[in-house]
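# The sequence and its predicted three-dimensional model are supplied below.
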Amino acid sequence: MSDKILKPTIQVTIFSFIGIGLGFANQIILAYYFGSGAERDAYFAASTIPLYISSVFLGSIGAVFLSSYINVKTQQSEIDAKIFLNSVINSTAVILGVITVLGIIFSKQILRLSVPGFNEAELNIASENLRILFPTIIFIVLLSVLGSVYQSVHHFLIPAIEGVITPILSLIVVVVANKWMGIRSLSWATLWGNLLSFLFLLGFLIRRKQLIFKWSLNNKHLKVMLISALPLLFAGFIYRFSSVWERVVASKLPQGSISYLGYGNQLLAAMAVVTTGGISTIFFPLLSKAWSEGNMIALKNYFSQGIRILLCITIPVTLLFLVVRMPVIALFFERGKFDHTSTIGVSNTLAFMMGAFIFQSLGGIIVRAFYFMNMTVKLSIISAIEVFLYVVFSFIFCKYYSYAGLAIALSLSAMCNVLMSSYFINKKIKFLNKKLAGDFFRVLFASFVPYLAIVCIQRFTGLENIFAIGLLYLLFYAIMILFILPLEETVIIRKKFLK
């Protein structure tokens with residue numbers, strides 16, 4: 001792994017750890033004050049709608065913007081890139097502003113559709129929070145656009161710093177204001193945090209003279225980007241519908257089901273950011289640039305390297321979590337209104353979500369390749385199939401496993417997405433080969449041997465200390481992957497470490 005990749009990866013990962021640490025502290029505090037009761041269910045129900053809309057735009061405009069911006073900057077001029085950037089920012093802000101106004105006006109009607117199992121009191125709480133949260137869609141999407149500008153020139157530190165603003169503000173506001181504002185304190189903190197993060201990145205770009213405040217709806221590069229983004233935008237409303245469908249189904253299940261799934265999704269996202277978020281962030285602009293320059297050798301090398309690194313991280317993390325999930329959740333969350341029943345619900349839900357953790361992490365490279373290859377129509381079809389499978393799986397498994405059935409459905413549908421995506425991407429760059437397959441089994445074996453060792457140690461010694469278990473597992477895994485079954489990347493890491 002070259003210093004060009006290693007240094008920014010370390011920087012992004014460090015700040016990701018800080019952001020996730022703060023976010024984790026928020027979750028502990030929220031669990032203490034609100035547990036998994038009706039108020040927490042109402043908040044998760046409300047936050048789903050803005051997150052759904054944001055993810056649709058992030059998966060379309062946010063996804064194709066970086067590769068489009070790099071193309072304009074590489075093939076045209078600096079001034080063309082600036083005009084294109086400003087046109088994207090202004091157009092996106094106007095569209096999302098209209099959606100926000102409509103969402104605030106019709107908040108209660110929207111919730112009647114998304115959580116049909118809620119009673120009137122729960123609907124009122126959820127509606128209040130939804131009206132506060134709706135403007136966040138503007139700032140979340142624009143933050144992605146502004147962050148992509150930094151990524152395009154391999155400046156990853158400032159966007160990484162921005163990621164800690166919202167968790168800090170949430171931590172302060174919730175502790176101070178929860179007594180008289182209740183769960184609304186979290187909604188206000190989320191809104192203010194996203195606004196400050198947006199102003200932070202915007203200020204740096206203005207100082208660097210990247211923004212010239214020139215808006216051209218006739219900008220040809222904007223039109224080309226929108227043509228690429230539109231199929232993803234329409235498909236996104238279907239593909240991202242899984243989160244809304246989860247709330248629809250869970251609202252009819254026993255109280256606490258929405259909270260179990262909500263905590264599980266948030267912890268899964270936190271785990272992904274800490275372990276693999278930096279990898280995907282660093283590799284995507286490198287892949288996009290290699291494709292833009294027609295350098296297929298570099299593209300294939302980066303692609304295979306990214307997949308190997310993700311496998312080296314996600315598989316052992318999954319197996320380790322399966323061993324320690326219950327005591328970990330109990331240690332950090334089981335206090336206040338978060339009782340042992342909540343611990344069981346969240347830990348079991350997250351265990352079934354770990355398949356999604358592996359495949360969604362791989363999708364950070366595999367699926368996103370569709371964007372810079374302009375294969376958005378195929379990706380839209382695959383995404384629609386994934387949602388269809390999620391709905392089918394949820395019907396099947398919820399019948400037998402209640403809320404855990406939704407977690408199982410999430411993992412299975414994510415696996416199907418990655419398998420289908422790999423098939424089409426492989427036609428372009430031929431990354432699926434015997435070497436990559438061999439590396440996959442090396443990582444799997446190197447991860448499974450420590451897992452069996454820890455299980456045996458627990459059985460014969462009664463070891464329950466999660467920190468000791470974690471250290472032993474990581475030690476065994478490091479020995480396996482660095483010395484016994486090394487990959488290209490781990491050989492380089494071993495040499496750097498020994499030096």
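Nice, thanks for sending it over.
# For the host helix or strand of Asn194, name the packing helices and strands.
Secondary structure from DSSP states H and E places Asn194 in helix 184-207. When contacts are defined as 3 or more C-beta pairs under 8 Å, 6 or more residues apart in numbering; DSSP states H and E, helix 184-207 packs onto helix 38-58, helix 120-133, helix 136-152, helix 157-162, helix 165-181. In short, each C-beta sits where N, CA and C put it, glycine included.
# Could you rerun that using 10 Å?
helix 3-34, helix 38-58, helix 78-105, helix 120-133, helix 136-152, helix 157-162, helix 165-181 (3 or more C-beta pairs under 10 Å, 6 or more residues apart in numbering; DSSP states H and E).
# Between helix 184-207 and the last one, find me the angle.
In this case it means helix 165-181. 150 degrees (axes from the mean of the first three to the mean of the last three C-alpha atoms, to 10 degrees).
# tell me which residues of helix 165-181 are tucked away?
Of all the residues in helix 165-181, those buried under the rule 16 or more other C-beta atoms under 10 Å are 165-171, 173-174, 178.
# Output the below-cut-off pLDDT ranges for the stretch 1-150 of the chain.
Low-confidence segments of the stretch 1-150 of the chain (pLDDT under 70): 1-13, 15-17, 19-20.
# can you do 80?
Low-confidence segments of the stretch 1-150 of the chain (pLDDT under 80): 1-27, 59-60, 62-64, 66-82, 147-150.
# picking up where we left off before, just give me the closest of the buried residues of helix 165-181 to Met373.
Thr166 (32.6 Å; C-beta to C-beta).
# so what's that closest one up against?
19, 22-23, 26, 136, 139-140, 143, 189-197 (C-beta atoms under 10 Å, 6 or more residues apart in numbering).
# Give me the ChimeraX select line for the residues you listed, limited to the buried ones.
Listed next is the ChimeraX selection for buried residues among the contacts of Thr166, using 16+ other C-beta under 10 Å:
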select :19,22,23,26,136,139,140,143,189,190,191,192,193,194,195,197
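# one step back: looking at the helices and strands packed on helix 184-207, spot the one closest to Phe234.
helix 38-58 (9.2 Å).
# Distance of the nearest residue to Ala25 once chain neighbours are set aside relative to Leu22?
What sits nearest to Ala25 in space, not counting adjacent residues and going by C-beta to C-beta, 6 or more residues apart in numbering, is Leu171, at 5.9 Å. Between Leu171 and Leu22 the computed distance is 6 Å (C-beta to C-beta, to the nearest Å).
# cool, and Val346?
Distance of Val346 to Leu22, computed by C-beta to C-beta: 20 Å.
# Take the helices and strands packed on helix 184-207 and write them to CSV, including distance to Cys416.
Shown next, in CSV, are the helices and strands packed on helix 184-207 (distance: least, C-beta to C-beta, whole Å):
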stretch, distance to Cys416
helix 3-34, 28
helix 38-58, 19
helix 78-105, 30
helix 120-133, 31
helix 136-152, 26
helix 157-162, 31
helix 165-181, 33
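# now for those helices, which one comes closest to Leu472?
The nearest among these, by C-beta to C-beta, is helix 3-34 at 21.9 Å.
# Out of the helices and strands packed on helix 184-207, flag the one nearest Ala272.
Using C-beta to C-beta, the helices and strands packed on helix 184-207 put helix 3-34 closest to Ala272, at 9.6 Å.
# Sort out which residues of the helix or strand where Ala404 lies are buried, please.
Ala404 belongs to helix 403-429 when assigned by DSSP H and E. Buried residues in helix 403-429, counted by 16+ other C-beta under 10 Å: 403-418, 420-422, 424-425, 428-429.
# For the longest helix belonging to the chain, buried residues please.
Counting by DSSP state H, the longest helix found in the chain is helix 296-333. Residues 299-321, 323-330, 332-333 are the ones in helix 296-333 that count as buried (16+ other C-beta under 10 Å).
# Spatially, what comes nearest to Gln76 if we skip its sequence neighbours?
His221 (7.6 Å).
# Specify the next element, helix or strand, located C-terminal of the helix or strand in which the one you found is found.
Take DSSP H and E as the rule and His221 turns out to sit in helix 220-239. Next helix or strand after helix 220-239 toward the C-terminus (DSSP H and E): helix 241-250.
# quick one, that following helix and helix 403-429 angle?
Going by the same axes, to 10 degrees, helix 241-250 makes 170 degrees with helix 403-429.
# and helix 241-250, what does it pack onto?
Applying 3+ C-beta pairs under 10 Å, 6+ apart, one finds that helix 241-250 contacts helix 38-58, helix 107-114, helix 257-272, helix 376-401, helix 403-429.
# Ok, which of those helices comes nearest Val98?
If we rank the helices and strands packed on helix 241-250 by C-beta to C-beta, the stretch that ends up nearest is helix 38-58, at 11.7 Å.
# chain center to the closest one: distance?
Relative to its parent chain, helix 38-58 has a centroid offset of 14 Å by C-alpha atoms, centre = their mean, to the nearest Å.
# Tell me the spacing between the residue nearest to Ala25 and Gly182.
Where Gly182 is concerned, Leu171 sits at a distance of 17 Å (C-beta to C-beta).
# Show me where the stretch 151-300 of the chain dips below the pLDDT cut-off.
Using pLDDT under 80, the stretch 151-300 of the chain drops low at 151-167, 170-171, 203-224, 226, 228-232, 234-236, 238-240, 270, 273-278, 280-282.
# Ok, which of the helices and strands packed on helix 184-207 comes nearest Val377?
helix 38-58 (16.6 Å).
# and the closest one with helix 107-114, angle?
Using the same axes, to 10 degrees: helix 38-58 against helix 107-114 is 90 degrees.
# after helix 38-58 comes which helix or strand?
helix 61-75.
# tell me which residues in that following helix are buried?
61-73.
# any idea which of the residues you listed is the one closest to Ser91?
Out of the buried residues of helix 61-75, the member with the shortest distance to Ser91 (by C-beta to C-beta) is Ile61, at 8.9 Å.
# and the spatially closest residue to that closest one that is not a sequence neighbour, what is it in contact with?
Leaving aside its sequence neighbours, Ile61 sits nearest to Ala229 (C-beta to C-beta, 6+ apart; 4.9 Å). By C-beta under 10 Å, 6+ apart, Ala229 lies in contact with 57, 59-65, 68, 88, 236, 371, 376.
# returning to that earlier point: Ser342 is nearest to which of the helices and strands packed on helix 241-250?
That would be helix 257-272 among these, by C-beta to C-beta, at 7.4 Å.
# The helix or strand following that closest one versus helix 61-75: what angle between them?
Scanning forward in sequence from helix 257-272 by DSSP H and E, the next helix or strand is helix 278-292. Put simply, helix 278-292 runs at 50 degrees to helix 61-75, going by the same axes, to 10 degrees.
# Distance from helix 278-292 to the middle of the chain?
17 Å.
# Show me which of the contacts of Ala229 is closest to Ala356.
Looking across these and measuring by C-beta to C-beta, the closest to Ala356 is Gly59, at 16.1 Å.
# Tell me, how many residues neighbour the closest residue to the closest one other than its chain neighbours?
In this structure, Gly59 finds its nearest non-sequential neighbour in Gly236, 4.7 Å apart by C-beta to C-beta, 6+ apart. For Gly236, the count of nearby residues is 25 (other C-beta atoms under 10 Å).
# likewise Phe460?
8.
# any idea which helix or strand carries it?
Here Phe460 is assigned to helix 434-461, by DSSP H and E.
# helices or strands up against that helix?
When contacts are defined as 3+ C-beta pairs under 10 Å, 6+ apart, helix 434-461 packs onto helix 296-333, helix 466-479, helix 488-498.
# Out of these, which is closest to Asn433?
helix 296-333 (8.3 Å).
# Give the next helix or strand downstream of that closest one.
helix 340-363.
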